[in-house]
Each structure stands twice: as C-alpha cells, then as structure tokens.
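> I would like to see how this sequence folds:
(one chain, ligands or ions: 1)
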Amino acid sequence: MANGTKEKWDPALSRLLTSLQQAKELPSTEEELGFLSNLLQSKELHALVNVHNKIISNGASDKFFPMLSTSMHVMFDVLEVLAPKTPLSQDCKELFYLLQRPHVQGLLCAHDAIAQKDYYPHLPEIPVEVDEDEETIKIVQLVKSNEPLGATIKTDEETGKIVIARVMHGGAADRSGLIHVGDEVVEVNSINVEGKTPTDVLSILQNSEGTITFKLIPADGKGNVRESKVRVRAHFDYSAFMDPYIPCKEAGLDFVKGDVLHIVSQDDAYWWQARKEGDRNMRAGLIPSRALQERRILHDRTQSQNENENGLCSVSALPVLSCSQSPKSPRCTSKPKTKKIMYETAENDDFDREQIATYEEVAKLYPRPGLYRPLVLIGAPGVGRNELKRRLIATNPDKYKTPIPYTSRSMRAGEVNGKEYHFVTREKMEEDIEVTKFIEFGEYKGNLYGTSAESVKALINSNHVCILSPHYQALKMLRIPSLKPYIIYIKPPPLESLKETRNALHARSTFDVNNSRGFTDEEFNDMIKAAARIEFLYGHFFDDVIVNEDLAIAFTQLVAAANRVETEPTWVPASWVQ
Ligand SMILES: Nc1ncnc2c1ncn2[C@@H]1O[C@H](COP(=O)(O)OP(=O)(O)OP(=O)(O)O)[C@@H](O)[C@H]1O
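As a prediction, the model looks like this:
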C-alpha cells in the first residue's frame, strides 16, 4: 500500500480494493485498473471518506442533532436587532462586525447545508451500459404524521408513469434525502401504481396509516439542490385555495401584496418554492413563477379588454374616482386650496398600469453614516401629508428639509429668490419639464410650479433628511437607486371617523392656521376613493403605512418611522444595494 497502513483504512475502501484485485480477470485494461487502484489508495479520497463518515455518524447521533438549519436567517435577524444598538455598545458593534465577515457567514452557510443534509455526494451517472431490464429500485419508508409529505406527483407525459414532480424544500420528503424529482413511483404500500392517476395515488396515501413505503426507480441526475438566496417582494395577493391550476393546493403558500418571500427554488418554470421571510416553518410552499403570473395577468387583461367592447378601460378592476378629471386638474376638490401645485399628469399616466407587476427582487439595506434616505409621504389629497410633514420638520428644522419649489410666476414684494420659490422663466421651466428634471409639476392660474429632482439630490448631498409629500404619480421618478426613498403611505381612517376627526373644531387649525381647511362630504368621499385607488396601484411600493385618524398618534408613528429608517435595515429593490 502506497500511503499509510491498511488497518486505518475505511472498511468500505479496503473492500473495494480487495474486489479490485479479484476483478483482474474481468475484461478491462491495465490502465483502467491502475487508475482505480491509485484512486482508491489516494490520501485525498481517504480524507474525504473520513469526513463523510464523521458527518454521517454525527448526524445519526442525537448528541449532534442540529438545533436549527437556518442559522443564516438567525444571523440576519441578529444583524437587524444589533444595527440600531451599535452606537450604544462596543460589544454590539463587534458582534455586528463579526457577523458580517465572509468567514463567519461561510461557516454558518456550511452549518446549514449540513443541517439540511445537503452533503451527500452528487455522483455522476454510471458511464457503463446498464441492462435495461435491471433497474435499481429504492425503497423509502416515511412515517406519516400531521405534516404533509412535501412532494407532488404527476403522470410523465412520455412514459405515462407516475413520477415525483417536485420536492418541497425543508419538507418531510426533502429531509429524508431519499426522494428526488423525476423518481418513478412503482409501488406505494405494496400497491402497484402502474396505470393509476395521480389522484388514485393520492387517495392511497390519504388512506394509509403509520409508515408509508414507496418503491421508487431513481431518476437520473438527481441530487439535493441548494436553496437559492433570492428574496422578492410580491406585487399581488395570492391564495392557493382560489387557484384552480396549482398542482396541489395543500402545498401552496398564500401571501399578500407587499410580503417579502424567500424563493428557495426556481427549478420549475411555472411553480416556484418559497417561504415567507422570517417564517421559521422549514417547509417551503408553491407559488406561481414570474413567468406564469405574467401570463395570467396578460390573459386577464385580454379578457377584460374583450369584455369591455368600447375599450375605454384596460384595467377593469381599478377602483375609479367618481369625478371626471381633466389633464390640467386631476384633483377632485371643488374648493381652491392653499397649495398651488396642480398636476399635469392625467389619469392614464398611472405608470404601473401597463407594467406587469409580479415580483420584485429585494435585498436588505443597512443604515450607515452618510446615508440620508428621503421620506416620501404618499396619500390621497387632503389626507394630512403636509400637516404631518410640517410637524416633523418642526421637530428638527436643521435635519429635516423639504425642497424649495420652482415657479414661473413673477416674484412678489418681500419674496426672496430661493426662499419661498426658485423663480425662473416659463421657457426655462418648460425646457426642464421636457427633459424630465421635475419629479412633479403643474399649472395654476397660468403659472407653472414644480419640484426638481436636483433639489432633492442637493438636500441629500448636504446631509439632510429630505421630506416630500408629492402627488402619488411622482413615485415613478422618486423610486430610483440614487435617491433610495422610504415611502410612507398616509391612509385615511374609515369615512365616519374621517369626518369626525376633520370636522372637530380643534382639528381645523391643528398646527398652522394658514394651512387649515375644512372638507365637504363630497370631498371626504373622494378622499376615500382616491385612497383605494392609490393602494391598488402603488400598494406594493409602500415601506410603511400610517392611518391618519388621531393626528397625535399618526405623528408619533411618523417620528418612529423616521427613526427606524436611520437605525434599522429595510427591504429595498435589490438593484439599490449592488
Ligand atoms: N388627523 C387629523 N385630524 C384632523 N385634521 C387633520 C388631520 N390630519 C390633517 N388634518 C387637517 O386636514 C387638512 C388637510 O391636511 P393637509 O393639507 O396636510 O393634506 P394633504 O394630504 O397635504 O393634502 P393636499 O396635498 O391636498 O394639501 C388640514 O387642515 C389639516 O390640519
């Protein structure tokens, strides 16, 4: 033996070597035998087998049973908790730093792979011709519990046999490490399934008690697939129960618009496997893939277009405002207001309407010194965005700033250029509007008004927290990587409470008499309708929602949100952190 003594050798390797000696009579070349003999005696293989055996024996002993298989998640949670505490304690700071080191993360990742039993060697196909009739059969026994099996079956289109269609990450079948996609099901509890439909097989499974024994013909090229790290924000609501096409309703994962999902597998073109972010439940669920969801949306749109013969409305499900809106004046209020900016943008400019919103890849953005994220208050006109904005600025006028708008109107006595407004010519403003320099603009009494993207950037660059309360259509220009806005939706309370709070005498001049106003019943109704519309179109962009019922409570929530942005990690589009 070239290396080491034979006694220390793994018994399986020794047996293989002995068999190799006996195989000399078989029709094989000297070269092949020599290669195998060298391989079986190599130090590297020996070391690998030892490591493998150790892992298996540790895995088998209760003493080393993993406490969890998601230490990477825990690490991210800990980072989240620690982030705001780093300025307070040296220990927190050190741990925060350590947990972000690639070596520590690599160690935890390896731990999770082992805890998820993702360590079985993935052997290539045997490169010799196998007798077609002599198929390998594996017998897998699983104990039936309340937990679903975590696998789905289907009839193979070519062979007509029942095969494993998918194995849910972290489910019972996956944890067994013995059932793989493509395995052919021959028997279930000694019942031959040949010629049976998946529904028949399902009822055999449902009627079995205790241990379930599968006889399977292994698929080629099987193997445990590592979990992907992709996180997405859902832009639509999903209920597996309501989905007639999901291969198995029980295996579905329900979610609502705005939920962050961890996509663990995208192997299937139509059905991804996902967990809700932060959900400790190990088993993943099925959700429609991006491609499938896009197809469905397109199909629904075509159908609603067909139904809508005059073709006036392309999205029939949109909550619509009752009043007609002209391009020059999209607001519904009948009363003139103190705020002068009107929006040029017409209803049909709602930018998401033509996009197919399914999933958006997201990543965590950690707060850091020098990162000043603008706070954007979105809401129905009149809901109280300006009131809240003014109050927040008043808490710290050196920190919170709002950009000074541009106008084409002439300066009045007492006004200073760059204080109330930046005064520019109409031609200059029109030129800038043309090259999309304004995040919002409009015309009022023959003069143009607008807020430029540059002035938002200037505030950020001068280390201020920029606070904006633009028209919701401005989100299109604001939600970009260079600005990284934090979007807070200011929601009106239910109609009765809206009327009650706004009609209360003291509420009219809550903060600034000049900016106080009353509302008609029609305006209250319009506010509720506009709110429903904004939620429908932009709900998936909201980082936070504040119900502006009691003003003092809403303001406290706004202050808390503003602090959160500075101290806690938040989910943002993945492209913002790359
Ligand atoms: N929670 C509340 N309770 C009572 N009154 C409120 C409340 N929030 C706001 N208001 C009052 O409602 C009026 C409209 O608020 P505000 O001007 O801030 O609305 P807005 O969302 O900025 O709308 P717009 O963009 O049309 O000006 C103000 O008089 C304000 O004081």
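
> Would you agree residue 12 is in contact with residue 49?
Yes: Residue 12 lies in contact with residue 49 (C-beta atoms under 8 Å); the separation is 7.3 Å. C-betas here are computed from N, CA, C, even on glycine.

> May I have the predicted confidence score for the residue in the stretch 51-200 of the chain that the ligand sits nearest to?
Closest to the ligand within the stretch 51-200 of the chain is residue 84: 28.3 Å, counting by C-beta to the nearest ligand atom. We have a pLDDT of 83 for residue 84.

> Please name the nearest non-neighbouring residue to it.
residue 567 (3.6 Å; C-beta to C-beta, 6 or more residues apart in numbering).

> ok, that neighbour - how many residues close by?
Residue 567 has 12 neighbours, counted by other C-beta atoms under 10 Å.

> Can you tell me how far it is from residue 205?
Noted for residue 567: a distance of 50 Å to residue 205, by C-beta to C-beta, to the nearest Å.

> repeat for residue 301
39 Å.

> can you check residue 187 too?
12 Å.

> and the nearest residue to residue 576 once chain neighbours are set aside, helix, strand or coil?
Spatial nearest neighbour of residue 576, chain neighbours left out: residue 481 (4.6 Å); criterion: C-beta to C-beta, 6+ apart. Here residue 481 takes the coil state, with states given by DSSP: H, G, I helix; E, B strand; the rest coil.

> What pLDDT does the model give residue 481?
The predicted local confidence for residue 481 is 91.

> Show me the helices in the stretch 401-550 of the chain, by range?
426-434, 453-461, 475-478, 495-503, 505-508, 521-538 (DSSP state H, counting those that start in this stretch).

> ok, back up a step: between residue 12 and residue 49, which is the more surrounded one?
Neighbours were counted for residue 12 and for residue 49 using other C-beta under 10 Å; residue 49 has more, 16 against 10.

> does that one really touch residue 16, like I thought?
No: between residue 49 and residue 16 there is no contact under C-beta under 8 Å: 10.3 Å.

> Up against the ligand, what does the stretch 251-400 of the chain have?
Residues of the stretch 251-400 of the chain found near the ligand (C-beta under 6 Å from any ligand atom) are 337, 339, 379, 381, 382, 383, 384, 385, 386, 387.

> hmm, back to that, which residues does the residue nearest to residue 576 contact?
573, 575, 576 (C-beta atoms under 8 Å, 6 or more residues apart in numbering).

> Just put these in JSON lines and tack on pLDDT, secondary structure and distance to residue 73.
As requested, the contacts of residue 481 are exported to JSON lines (pLDDT from 0 to 100; DSSP: H, G, I helix; E, B strand; the rest coil; distance: C-beta to C-beta, whole Å):
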{"residue": "573", "pLDDT": "92", "secondary structure": "strand", "distance to residue 73": "21"}
{"residue": "575", "pLDDT": "89", "secondary structure": "helix", "distance to residue 73": "23"}
{"residue": "576", "pLDDT": "91", "secondary structure": "helix", "distance to residue 73": "22"}
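
> and which of these is nearest to residue 94?
Of all the contacts of residue 481, residue 576 has the smallest distance to residue 94: 27.5 Å, by C-beta to C-beta.
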